[in-house]
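> predicted coordinates and the sequence they were generated for:
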Amino acid sequence: MDAMFTKKQADELEENRNNAIEISVTADFMTAVGKGKKKRLRSPSPILEEQPSASDNNFEDIPAFGSSTIWNVKRKKNNKPESDRQTQTQAAPTSWVNTRSASAPTRQATSISRQLSPSAEDISQALKAQWLPTNKEISPFLGFSMFNIVTLAGISGKNFYLGKPIALTLQLNLAPWNMKKGGFKLAAFGSSMPAVFEANGVCAKHTYHPFKRVVDVGGSLAKKVVDVPHEGEKQFKYLTMEVSCLVWAQALLNIVYDFVKETNQLTPFPIPQFRFVKAAMAIKQSLLPGVKKTAFLLEEIIDPNTEGKFRKYLNNVSPEPLVMKIKEDMDCANFLVFSQQVQYFKTKKQVFVSDYQGKQ
């Protein structure tokens, strides 16, 4: 009876052992394929069979890789000749046996580089490097000024030769390093919409006076002479004189061309055609009470691409023309000397234009 019980008990133990092996292999396979049908491995799974005995020479242990667990399963050995096996496994890593089929592409491990987060010391150095911007650094953002009222210059004989006011938008870059400095005027460049002249570009000028001001130079205070534009009414008075000079200069030049037509004589060279730049007055309007208005003299921009390079033909101190290397330029200089003689004669020695310079 004891022998029969022992035999039955042995059979049950053997059956339980086989079931345990089947359950263990099934659980491992389910882990390898990623929880059923939701996610399968890209490579063929190892051959899963009943676990053979350790003495079976047709099987060998290989590592199988799951999501976070490594376990051993059995696969059939490759019974091909040694030379064939070397050819198949030559490209495989030495630490594990490649279980992919011949048709499946081999995925190579790649290292992903990621920039490390800044340390507290890096952040401290970055905070120490912060500073307030200087006046020069913020000037490109604050240097543009907008004007919305312009009065034109014209030969009317009334109201300082200024024509009817028109409304437009004028944009100027007033950053100090963008300004051009003359003997008593500062010049800035900008544009107008709509165009006050034939082109949108304008040159805006205003008079200035030197002023000593305390400025910050390298962290220390020092006195520096700066160019300060005249304010409101004084600026307008000075600029109206500039408008008058431009109007009178063009009128006197027209007298010369009229004189040439009236004489109807042969000229030693073709008469060059000159004119002075057109001008206008711009007055900045402000809706805020107590804000002083700013005035600018607007002039056409002489484009060197269409008008040629800058030339100076005559000085203020001499009636003799400057020597020019090009014959056409020398003819222009001689004509301007002739124009001074005509103006002096036609106005009975009262006025003539000097210091001719510009582009033809």
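Looks like it came in fine. Keep in mind that what you see is a predicted model, and the values were worked out from it rather than measured.
> give me the mean pLDDT for stretch 262-274.
Mean pLDDT, stretch 262-274: 88.
> and Asp303, how far is that from Ser244?
26 Å (Cβ to Cβ, to the nearest Å). C-beta coordinates here come from the backbone N, C-alpha and C atoms, glycine included.
> quick one, strands of this protein?
Under the criterion DSSP state E, the chain contains strands at 59-65, 70-76, 144-147, 149-153, 162-166, 169-173, 180-181, 185-193, 201-217, 220-229, 279-283, 295-300, 311-312, 357-358.
> what about the residue lying closest to Phe335 once chain neighbours are set aside, how many neighbours?
Nearest non-adjacent residue to Phe335, counting by Cβ to Cβ, 6 or more residues apart in numbering: Pro272, 5.6 Å away. Other residues near Pro272 number 14, with proximity taken as other Cβ atoms under 10 Å.
> what segments of the stretch 251-360 of the chain are helices?
Secondary structure of the stretch 251-360 of the chain (DSSP state H, counting those that start in this stretch): helices located at 304-307, 327-346.
> looking at those, which one is packed in the most?
A comparison of these by mean neighbour count, using mean count of other Cβ atoms under 10 Å, puts helix 327-346 on top with a mean of 17.
> ok, back up a step: from Pro165, how far out is the residue nearest to Phe335?
35 Å.
> next: Leu297.
15 Å.
> how about Tyr344?
37 Å.
> same question, Thr267
Distance of Thr267 to Pro165, given as Cβ to Cβ: 42 Å.
> hang on, the earlier thing: of the strands of the chain, which is nearest Trp131?
Closest to Trp131 of those is strand 201-217 (Cβ to Cβ; 12.8 Å).
> next, the angle from the closest one to strand 295-300.
If you take axes from the mean of the first three to the mean of the last three Cα atoms, to 10 degrees, strand 201-217 sits at 130 degrees to strand 295-300.
> Asn254: neighbour count?
Neighbours of Asn254 (other Cβ under 10 Å): 12.
> again, but for Arg311
By other Cβ under 10 Å, neighbour count at Arg311 equals 16.
> my guess is it meets Asp329, correct?
Yes. With contacts counted by Cβ atoms under 8 Å, Arg311 reaches Asp329, the gap being 6.2 Å.
> the helices of the stretch 251-360 of the chain: lowest mean pLDDT?
helix 304-307 (a mean of 82).
> sorry, back to before: so which of the helices of the stretch 251-360 of the chain is nearest Gln125?
helix 304-307 (48.8 Å).
> what helices or strands is that closest one leaning on?
Under the contact criterion of 3 or more Cβ pairs under 8 Å, 6 or more residues apart in numbering; DSSP states H and E, helix 304-307 touches no helix or strand at all.
> sorry, back to before: Leu297 and Pro165 - which one has more neighbours?
With neighbours defined as other Cβ under 10 Å, Leu297 and Pro165 compare such that Leu297 has more, 25 against 11.
> pretty sure that one is touching Ser244, no?
No. Applying Cβ under 8 Å as the test, Leu297 and Ser244 come out as separate, 11.2 Å apart.
> burial count for Val353?
Neighbours of Val353 using other Cβ under 10 Å come to 19.
> backbone dihedrals for it, please?
The phi and psi values for Val353, taken as degrees, to the nearest 10, are phi -100, psi 130.
> that one and Leu162: what is the separation?
Val353 is 21 Å from Leu162, by Cβ to Cβ.
> and if you look at Pro176?
Taken as Cβ to Cβ, the span from Pro176 to Leu162 is 29 Å.
> count of neighbours near the spatially closest residue to Pro118 that is not a sequence neighbour?
Distances taken as Cβ to Cβ, 6+ apart place Ala126 nearest to Pro118, at 7.6 Å, with adjacent residues excluded. For Ala126, the neighbour count with other Cβ under 10 Å is 10.
> quick one: pLDDT of Ala126?
The predicted local confidence for Ala126 is 80.
> gap between it and Gln341?
Counting by Cβ to Cβ, the gap from Ala126 to Gln341 is 72 Å.
> shaky segments in this protein?
1-115, 135-149, 155-159, 286-292, 359-360 (pLDDT under 70).
> do that again at 50, thanks
Within the chain, the ranges that satisfy pLDDT under 50 run 1-5, 21-56, 59-77, 83, 85-107, 109-110.
> chain neighbours aside, what residue packs nearest to Lys274?
Just so we're on the same page, residue 274 is Phe rather than Lys. Distances taken as Cβ to Cβ, 6+ apart put Leu253 closest to Phe274, at 6.3 Å, once the chain neighbours are dropped.
> who are the contact partners of the one you found?
Applying Cβ atoms under 8 Å, 6 or more residues apart in numbering, we find Leu253 in contact with Phe274, Arg275, Phe276, Ser339, Val353.
> repeat the analysis, applying 10 Å as the threshold.
Going by Cβ atoms under 10 Å, 6 or more residues apart in numbering, Leu253 touches Phe274, Arg275, Phe276, Leu336, Ser339, Val342, Gln343, Val353, Tyr356.
> on that earlier part again, distance check, the residue nearest to Pro118 against Leu116.
To Leu116, Ala126 is 15 Å away according to Cβ to Cβ.
> try Gln273
With Cβ to Cβ as the criterion, Gln273 and Leu116 are 72 Å apart.
> dig out what the residue nearest to Tyr238 when sequence neighbours are not counted forms beta bridges with.
Among residues not flanking Tyr238 along the chain, Thr207 sits closest, at 4.4 Å (Cβ to Cβ, 6+ apart). Counting by DSSP bridges, Thr207 is bridged to Lys185.
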